[in-house]
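**Student:** Here is my input, please return the structure:
(chains A and B)
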Amino acid sequence: MVRICDIMHKGVIFCYPDDHIRDVARMMIENQFRSVVVVHESGEVWGLISMIDIIRFHGMNLENIIAEDVMRPYQISVDPQWPLEKAVEIMKRRKIEHLIIIDPHAGPKRPIGILTSFDIVRFMSRIETGQYQQMLKMPREESEDPRR
Amino acid sequence: MAEKVMHLMRRGAITCAEDTTIQEVAQIMVVNSIRYCVVINGRNEVQGIISARSILKAYGRNLNATRAKDILLPYTVTITPSSSLNEAVELMSKKRIEHLIVVSDRPGSKAILGLLHAEDIVNRMAMA
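**Tutor:** A predicted model of the protein is given here:
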């Protein structure tokens, strides 16, 4: 059985509720994340900001907009020991792309990782990490053969 | 001047055929680091799009027996290059999708020109 903790990203990228949205957007672009967890100073999860949430503010003056205005409150509690099927079920039912994984042992609402729909696609494709180069080389080797 | 879709869209798209297995679609997405795959038929007409989330529909099924045409999202939400960016943003946030298919505004044309990505809009907002 595959558990959530086997394929999730360990650690979360977070910001505080009063961070400026432009800084959050820059952080996302520079590091190629598609979501940022909003964490209260106490370390509890408050919400999640995805790209869709940011583009709602397109065309507005971003100076006075902070993360708290943009985030969607996050209420779902996902345990890292659950089987992957359960995560897929939640994503399908709620039509969301990102799940914040919360460790019950670290205290209430402490985020320890994130699971995205792309992680599940990667799992389903059965390509091991580090084998991408080989996958990319395959067609080229075939096309070189006739010339030899 | 108001910005239009044509200023920000990416030309071209990564595609697969209707009868590609889901295992292969997943591999195409992972190898190219993309979160969508456009499904086309034999005459290069767009049939629909498969996103990372729609692949989840096939989770638990036999991935080599399920085909792209079984799970694709029908090709309904599109935009043209001359539409304004505001219109595109509205469509994206209403439907909660990160990629819009850009099609030609010539009547009768079913050719796909490219895709508009949410991350390019965020990039533009962050750098403005």
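
**Student:** Any idea how far apart the tips of stretch B:40-57 sit?
**Tutor:** Across stretch B:40-57, the terminal residues are separated by 20 Å (CA to CA, to the nearest Å).

**Student:** starting at the chain centroid, how far to it?
**Tutor:** In terms of CA atoms, centre = their mean, to the nearest Å, the centre of stretch B:40-57 is found 8 Å from the chain centre.

**Student:** can you tell me if stretch B:22-37 touches chain A.
**Tutor:** Yes: figure legend: stretch B:22-37 in contact with chain A (CB under 8 Å from any CB of the partner chain); contacting residues B:22-23, B:26-27, B:29-31, B:35. C-beta here means a position set from N, CA and C on the backbone, and glycine is covered the same way.

**Student:** Looking at the residues you listed, which is nearest chain A?
**Tutor:** For the residues of stretch B:22-37 next to chain A, the residue nearest chain A by CB to the nearest CB is residue B:26; the value is 3.6 Å.

**Student:** which residues touch the closest one?
**Tutor:** By CB atoms under 8 Å, 6 or more residues apart in numbering or on different chains, the residues touching residue B:26 are A:121-122, A:124-125, B:55, B:63.

**Student:** What ranges does chain B have for its helices?
**Tutor:** Using DSSP state H, the helices found in chain B span residues B:5-8, B:22-32, B:52-55, B:68-71, B:85-95, B:118-127.

**Student:** Same list (those helices) but as TSV, adding distance to residue A:109 and mean pLDDT.
**Tutor:** Formatted as TSV, the helices of chain B follow (distance: least, CB to CB, whole Å; pLDDT from 0 to 100):
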stretch	distance to residue A:109	mean pLDDT
helix B:5-8	37	89
helix B:22-32	31	90
helix B:52-55	25	88
helix B:68-71	34	89
helix B:85-95	27	90
helix B:118-127	27	89
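
**Student:** Done for today, thanks.
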